[in-house]
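J.: Just the structure for this:
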Amino acid sequence: MKKILIIEKRKKAKELHNKGWSIRKIAKSLVAGKNNVNKWINMSDEDLILDHRGWKKGDLRTHQEVERKRIISIRKQLEKEKSYFTGELVVRKNYECLYGKTVNQWFVKKVLKDADLVQKRTVKKKGKSKYMKYPKYTLNKLGKILMSIDFIGPKYLKGGKSRINFLSCKYIRPNKLGVMKKIEGQTTDEVIKNLMTLWETNPIPDVLKIDNDSAFGSNVLHKNSLGRLTLFLLNLGISPLYIAPRSPWNNGEVEGFNSVFSKKVWKKLKFEDETELDIEINNFNIEYEKYSYLLENNPEIKNPRFIEELNNINFRNNKVGNFRQTKVYYLRIVRREEEKGDKKEKGFIEILGNKFFLGKDLINQFTFSVLDIKKEEISINIETENKGLLEVSKKIIKLKNIVK
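T.: Have a look, this model is predicted:
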């Protein structure tokens, strides 16, 4: 039997599909695979008649020369506008917005690479924390709105003596917004003041991810005492999530945001004075917001809370009955007590100046601890392979600066 040309097969497949034939029946009739038939019936009329067999090596198939020129034009226009964000993802999204057509990511990357318009990326190795039982599934379910903050600095303008500090604020979910703020110093008062300003126009999170800086309320001076920022957050209905000490990758979202700011603003531009820096920070925040909405699927948040709705709250309240939230979370790595192999060898974690001892089989594993302010009880857990939490210890912890 004479073979049907590929284009005729495509047309016939679409014709039979329009008549109500199933994919299986069409494939059998045309002596073709079901995957090919499924692809043919979803082709546009333009793609239906294209025949790539015998295509000259090096010529474009899916994409044409006009698309290459458009991609380079978009990239150069972004550079001309002095945009902070000019990578392949941004170029691709701009292309789709401008021309209403999709373009393959690999093609955009290839075009920019061939035109020497991209920087070589360092490939990051994934999965290093898996053996440590890092509780990623637990963290993914923790609160509808998750946000992270971090300090940057102190830094200095060239020839200047004034210390410049920044508070980096990054939403992790459901939106991916980031805001950089220049602050007077790395103090609790500055953190509270700037967060209150931020939450006038941006939603208050359910959980705030922070490191163990003293200004963030973890390394307090007195044992079993909660810091002022912790109390401020609990009064707002926010659970603080303190990452493991000396593990900045636990706070990778905000660390990544810090890196972008450093590369695109601080290290790239020169400032005569702090006024110029303030203007550039504002520009960066505006550009990052555009970048976030261009690349991320930022959904509309239902019933967001803002600071103006909570004007009657005493942010310094320390009475448990008035807290809107009563749980504080801690990520901790189990460290070794005594020498390895010693009869007294055991594991421990440290929270609020307390050592909690655990089995030596947990050494170098991550724990997820929950401090219940109301019960004055701390539950220490590890994440299991089935993505659940297993409680390995529960302790009473008498807090000093709260009132029952």
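
J.: per the record, what domains does the chain have?
T.: Per automatic domain parsing, the structural domains of the chain span 6-48, 65-114, 130-404.

J.: Enumerate every residue touching the closest residue to Leu117 other than its chain neighbours.
T.: Counting by Cβ to Cβ, 6 or more residues apart in numbering, Leu117 lies nearest to Arg75, which is 5.3 Å off, once chain neighbours are set aside. Where you see a C-beta, it was placed from the backbone N, CA and C, and this is true even at glycine. The contact partners of Arg75, taken as Cβ atoms under 8 Å, 6 or more residues apart in numbering, are 86, 91, 112, 115, 117.

J.: Make JSON lines out of the domains of the chain and add mean pLDDT.
T.: Shown next, in JSON lines, are the domains of the chain (pLDDT from 0 to 100):
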{"stretch": "domain 6-48", "mean pLDDT": "85"}
{"stretch": "domain 65-114", "mean pLDDT": "85"}
{"stretch": "domain 130-404", "mean pLDDT": "90"}
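
J.: ok, back up a step: farthest pair in the contacts of Arg75?
T.: Thr86 and Ala115 (12.3 Å; Cβ to Cβ).

J.: which residues touch Thr188?
T.: With Cβ under 8 Å, 6+ apart, Thr188 has these contacts: 215-217, 227-229.

J.: Closest to Ile333 out of the residues you listed?
T.: For the contacts of Thr188, the closest approach to Ile333 (Cβ to Cβ) belongs to Phe216, at 18.4 Å.

J.: For the nearest residue to that closest one once chain neighbours are set aside, list each beta-bridge partner.
T.: Nearest-residue entry for Phe216: Ile210, 4.5 Å, with adjacent residues in sequence omitted and distances by Cβ to Cβ, 6+ apart. Beta-bridge pairing of Ile210 under DSSP bridges involves Tyr242.

J.: So what's the residue count around Ile210?
T.: 24 (other Cβ atoms under 10 Å).

J.: if we can go back for a sec, highest neighbour count among the contacts of Arg75?
T.: Neighbour counts for the contacts of Arg75 (other Cβ under 10 Å) peak at Val91, which has 27 neighbours.

J.: Helices of this protein, start to end?
T.: Along the chain, counting by DSSP state H, helices occupy 6-18, 23-30, 34-41, 45-48, 65-80, 88-99, 105-114, 136-140, 188-198, 228-236, 252-261, 274-295.

J.: among those, which is nearest Lys387?
T.: Nearest to Lys387 among those is helix 136-140 (4.1 Å), distances taken as Cβ to Cβ.

J.: right, and Ile333 touches Phe368 too?
T.: No - Ile333 lies out of contact with Phe368 (Cβ atoms under 8 Å); the separation is 11.2 Å.

J.: With Gln325 as the reference, measure out to the closest residue to Arg228 other than its chain neighbours.
T.: Spatial nearest neighbour of Arg228, chain neighbours left out: Thr188 (5.1 Å); criterion: Cβ to Cβ, 6+ apart. Thr188 sits 18 Å away from Gln325, going by Cβ to Cβ, to the nearest Å.

J.: Same question for Gly185.
T.: Counting by Cβ to Cβ, the separation of Gly185 from Gln325 is 27 Å.

J.: cool, Gly256 as well?
T.: 27 Å.

J.: Could you do Gly33 as well?
T.: 56 Å.

J.: Give me the more crowded residue out of the two.
T.: Ranked by neighbour count (other Cβ under 10 Å), Gly33 and Gln325 place Gln325 first, with 16 against 10.

J.: OK, contacts around Glu338?
T.: 344-346.

J.: Out of these, the closest to Val179 would be?
T.: Out of those, the member with the shortest distance to Val179 (by Cβ to Cβ) is Lys346, at 43.4 Å.

J.: right, and that closest one touches Gly359 too?
T.: Yes - at 6.9 Å, Lys346 and Gly359 qualify as touching, with contact defined as Cβ under 8 Å.

J.: Compare these two (neighbour count), which wins?
T.: Neighbour count, other Cβ under 10 Å: between Lys346 and Gly359, Lys346 has more, with 16 against 12.

J.: which residues sit in contact with Asp372?
T.: Contacts of Asp372 by Cβ under 8 Å, 6+ apart are 326-327, 378-379.

J.: Surely the residue nearest to Phe216 is in contact with Ile243?
T.: Yes - shown here, Ile210 and Ile243 form a contact pair, counting by Cβ under 8 Å, at 7.2 Å.

J.: Give the residues shared as contacts by these two.
T.: By Cβ under 8 Å, 6+ apart, the residues touching both Ile210 and Ile243 are Asn251.

J.: First-to-last residue distance for stretch 226-243?
T.: 16 Å (Cα to Cα, to the nearest Å).

J.: same question but for stretch 257-273, I mixed them up
T.: 24 Å.

J.: in that stretch, what's buried?
T.: For stretch 257-273, burial by neighbour count (16 or more other Cβ atoms under 10 Å) applies to 257-258, 260-261, 264-266, 271.

J.: could I get the residues you listed as JSON lines with distance to Lys161?
T.: Shown next, in JSON lines, are the buried residues of stretch 257-273 (distance: Cβ to Cβ, whole Å):
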{"residue": "Phe257", "distance to Lys161": "28"}
{"residue": "Asn258", "distance to Lys161": "24"}
{"residue": "Val260", "distance to Lys161": "27"}
{"residue": "Phe261", "distance to Lys161": "22"}
{"residue": "Lys264", "distance to Lys161": "25"}
{"residue": "Val265", "distance to Lys161": "21"}
{"residue": "Trp266", "distance to Lys161": "17"}
{"residue": "Phe271", "distance to Lys161": "15"}
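
J.: can you tell me how far the residue nearest to Phe216 sits from Val334?
T.: For Ile210, the distance to Val334 - Cβ to Cβ - is 21 Å.

J.: Beta-bridge partners for Ile380, please?
T.: Note on Ile380: beta-bridge partners by DSSP bridges are Ser369, Ser393.
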